[in-house]
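J.: Below is the structure, and that's it, no one-letter string:
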């Protein structure tokens, strides 16, 4: 019987992370995220944090792609804007420390099909009709 490995982030469990203050949590993050937190959250991010605390189980819509996933967001349903629509994301512990923009991609994956007319020498002999 295989026991599921418990989640840890830089040696701390999820419960330990949730008890840390934002400044203490920032010390565990990579440089870019640490700098973002040390400079202070913009007003939109502060509003989003308050809205997440009061939302309960309801999904929260946001355009804040620069927001960092904090430990108290785990288990929340967040709808992140990707340019033309909102994509629903359920935050799991492995997402802690990432930006929202990293979770929802704005561009589709490139899918190549058959070459078009004029793409190769042999296509010049093919009838356009």
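T.: It's in. This one's a predicted model, so the numbers in the text were calculated from it and none came from an experiment.
J.: for residue 96, what are its contacts?
T.: 9, 17, 69, 70, 71, 74 (Cβ atoms under 8 Å, 6 or more residues apart in numbering). To be clear about C-beta, it is placed using only N, CA and C from the backbone, and glycine gets the same treatment.
J.: Sitting in helices, which of those residues do you find?
T.: Of the positions in those, residue 17 sit in helices, assigned by DSSP state H.
J.: pLDDT score for residue 120?
T.: Residue 120 is assigned a pLDDT of 69 by the prediction.
J.: count of neighbours near residue 1?
T.: 2 (other Cβ atoms under 10 Å).
J.: distance of it from residue 23?
T.: 41 Å (Cβ to Cβ, to the nearest Å).
J.: Next: residue 34.
T.: For residue 34 relative to residue 23 (Cβ to Cβ), the value is 10 Å.
J.: tell me the contacts of the closest residue to residue 71 other than its chain neighbours?
T.: In this structure, residue 71 finds its nearest non-sequential neighbour in residue 17, 3.9 Å apart by Cβ to Cβ, 6 or more residues apart in numbering. Residues in contact with residue 17 (Cβ under 8 Å, 6+ apart) are 9, 25, 28, 71, 96.
J.: most neighbours, which of these?
T.: Top of the contacts of residue 17 by neighbour number is residue 25, holding 24 neighbours under the definition other Cβ under 10 Å.
J.: Doesn't that residue belong to a strand?
T.: No - assigned with DSSP: H, G, I helix; E, B strand; the rest coil, residue 25 falls outside any strand and is helix.
J.: Starting from residue 1, give me the distance back to it.
T.: Going from residue 25 to residue 1 by Cβ to Cβ gives 34 Å.
J.: What of residue 108?
T.: From residue 108 to residue 1 the distance is 42 Å (Cβ to Cβ).
J.: Do a quick rundown of the helices in the protein.
T.: 14-19, 22-26, 31-38, 43-55, 100-103.
J.: what's the spacing between the second one and its chain's center?
T.: On the basis of Cα atoms, centre = their mean, to the nearest Å, helix 22-26 sits 19 Å off its chain's mean C-alpha point.
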